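J.: Would you be able to build a 3D model of this:
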Amino acid sequence: MANFGPKDIKKLRETTSAGMMDCKKALAETNGDFDEAVAWLREKGLGAAAKKANKVAAEGVVSVEVDDNKAVIVEVNSQTDFVAQNDVFKGVVAEITKHAFENNLADADAINNSTINGQPFSEYLSLQIAKIGENLVVRRAGMISSDDENFAINGYVHANSRVAVLLGAKCEDAETAKKVATELKNIAMHAAAMSPSTLSYKDFDAQFVADETAGRIEKVKKENEELTRLGKPLKNVPQFVSRQQLTDEVIAEAKKAIEAELKAEGKPEKIWDRIVPGKLERFISDNTLLDQELALLDQKYVMDDSVTVGEYIAKISDGKAEITEFIRLEVGEGIEVEEEDFAAEVAKQMA
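T.: Predicted coordinates for the structure are as follows:
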């Protein structure tokens, strides 16, 4: 005897937009289990869930959950910003984030291959797609955790939920970790706003640095052309763009050049040691533009631009802490969405 009736068929049809007979067959194949029937329709390419699953999901939100010794971050994409602001969608994201946190799911693959509420995650997501009416994708996720009481963790989600950051720092003692954890939220806010792509210049691929060098030097030259036109002071044109390139030999040559300049200016040699460090620091600053743009620890801290983020952490911890973990996710970054005008879309539907 069938474990479903006309009301079940009607509910499944309203949920998935699949045909009446397809819904009846889906329920028959799954012994009347509604969620499994939704998944069955999707697998067969029938109904809203299946059709929506082929749509590009480039909107959505980023969510985080933070505890004393663990934090997770999850990006869930939808097709439109309208759905991303929907309370039902937000509820789904919150449930997925909690699921990832409680089960130590450290990446999107782990989430997508997990079991949630007693069912495969793929089936759970199919049901949400059918309910919400758009494709949903758990695209990226990350986790920072430690059982060490000397390890500090914190995070931040921007007000629009499109950008979120997690940070972790090794500390020498628990008291420092507690102090640093509070500061990490402020630094996470900095990272959300300033868009670093990596923690340190040490993380850059050497070829990436080489490829970026000429273009960034040329950019400074172009800026100087405009400054000349405006009658403003010019910027120093760099030779390099990252501290990766500033070998001991490069620094030694820079120091020699500074000393030669001081000699030519007639500055007494006995005062050079008071002038050279500052000029050498300026040389390093001029020649690390890539680091200052893309490496978190090397960026000037927005709340105290007299120091870099790395220097700030060292300063407030008396040298007892170092940021070692960094995850920043921004909704849709890296996704290519095909632009299509309305007339072309209509033509495609009628083809």
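J.: Run me through the strand neighbours of the helix or strand Val76 falls within, direction for each.
T.: For Val76, the host element (DSSP states H and E) is strand 70-78. With DSSP bridges as the test, strand 70-78 is paired with strand 59-66 (antiparallel), strand 137-145 (antiparallel).
J.: Convert the last one to PDB, retaining C-alpha atoms only.
T.: Spelled out, it's strand 137-145. Presented in PDB, the C-alpha positions along strand 137-145 are these (Å, rounded to 0.1, in the frame of the first residue of the first chain):
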ATOM      1  CA  VAL A 137      26.100  26.200  -3.300                       C
ATOM      2  CA  VAL A 138      28.300  25.700  -0.300                       C
ATOM      3  CA  ARG A 139      31.400  27.000  -2.200                       C
ATOM      4  CA  ARG A 140      34.100  27.600   0.400                       C
ATOM      5  CA  ALA A 141      34.700  27.100   4.100                       C
ATOM      6  CA  GLY A 142      37.600  27.100   6.500                       C
ATOM      7  CA  MET A 143      38.300  26.400  10.200                       C
ATOM      8  CA  ILE A 144      40.900  27.600  12.700                       C
ATOM      9  CA  SER A 145      41.100  25.500  15.900                       C
END
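J.: got the domain boundaries for this structure?
T.: For the chain, automatic domain parsing gives the domain ranges 6-52, 59-159, 201-294.
J.: what about the strand holding Val76, average pLDDT?
T.: Predicted confidence along strand 70-78 averages 95 (mean pLDDT).
J.: if we can go back for a sec, got a markdown table for the strands paired with strand 70-78, with mean neighbour count, distance to Leu262 and mean pLDDT too?
T.: For the C-beta atoms, the positions are set from N, CA and C on the backbone; glycine is no exception. Converted to a markdown table, these look like this (neighbours: other CB atoms under 10 Å; distance: least, CB to CB, whole Å; pLDDT from 0 to 100):
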| stretch | mean neighbour count | distance to Leu262 | mean pLDDT |
| --- | --- | --- | --- |
| strand 59-66 | 23 | 51 | 94 |
| strand 137-145 | 21 | 47 | 96 |
